[in-house]
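> Generate a structure from the sequence data that follows.
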Amino acid sequence: MQALNLPAYSFRIQTKKQKKYIFDDYRKKFVKLTSEEWVRQHFIRYLTHNLGYPGSLVAVEMPLRLNRIDFRADIVVYSRYGQPVLVVECKAPEVSINQQTFDQILIYNMQLQVRYLVVTNGLQHYCCRLYPEKGTYRFLNYIPDYSQLLEDSSSRE
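So this is what the prediction gives:
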């Protein structure tokens, strides 16, 4: 698999019938190893191993329903009180991040109502801080660690 702009991690990978599978610690099963899954698994590890996000508060492929249409958010992070605080949309490295990608994550956020959105293809990472009370947003040049995320999500601006 392609090297990513994320730290290198070791994963449990197996081959069955000439197809590769990676073990997802959060879904507790082997899933087909696609380019997008490679990015998703690396990004989850980055959040939990490098930025202090508790693994128990991370949901993978979170089902959502909006206007009778089913969606799946790649990664949703929750506060210790069970409130969603960050959503991540992962794309394969060969997929360019564009307005359509941001539109997709904004649709998810219509239901989740988080303050932080992250879009990544494993090579480029974009983090956007939303200010719903002002109707504005700001792109950050970093991804906040879990304690920063909680401090900011609990404060009133």
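> any idea how far residue 99 lies from residue 34?
23 Å (CB to CB, to the nearest Å). Any C-beta I mention is one placed from the backbone N, CA and C, and that applies to glycine too.
> again but with residue 60, I slipped
With CB to CB as the criterion, residue 60 and residue 34 are 14 Å apart.
> just residue 86 next, same as before
Applying CB to CB to residue 86 and residue 34 gives a distance of 23 Å.
> What about the nearest residue to residue 30 once chain neighbours are set aside, how many residues nearby?
Of all residues not flanking residue 30 in the chain, residue 21 sits nearest, at 4.0 Å (CB to CB, 6 or more residues apart in numbering). Look at residue 21: counted by other CB atoms under 10 Å, it has 16 neighbours.
> same thing with the one 4 residues further on?
As a burial measure, the neighbour count of residue 25 was computed by other CB under 10 Å and equals 16.
> Spatially nearest residue to it, not counting backbone neighbours?
Per CB to CB, 6+ apart, closest to residue 25 is residue 55, 7.1 Å.
> coming back round to it: mind checking which of residue 99 and residue 34 has more residues around it?
Shown here are residue 99 and residue 34; by other CB under 10 Å, residue 34 has more neighbours (13 against 7).
> helices and strands around the helix or strand of the chain with the lowest mean pLDDT, which ones?
Sorting the helices and strands of the chain by mean pLDDT, DSSP states H and E puts helix 146-154 at the bottom, at a mean of 79. The contact analysis (3 or more CB pairs under 8 Å, 6 or more residues apart in numbering; DSSP states H and E) places helix 146-154 against strand 84-90.
> State the next helix or strand along the chain beyond the strand it packs on.
helix 99-112 (DSSP states H and E).
> what's the angle between whichever helix or strand comes after that following helix and strand 84-90?
Sequence-wise, the next helix or strand downstream of helix 99-112 (DSSP H and E) is strand 116-120. Counting by axes from the mean of the first three to the mean of the last three CA atoms, to 10 degrees, strand 116-120 lies at 20 degrees to strand 84-90.
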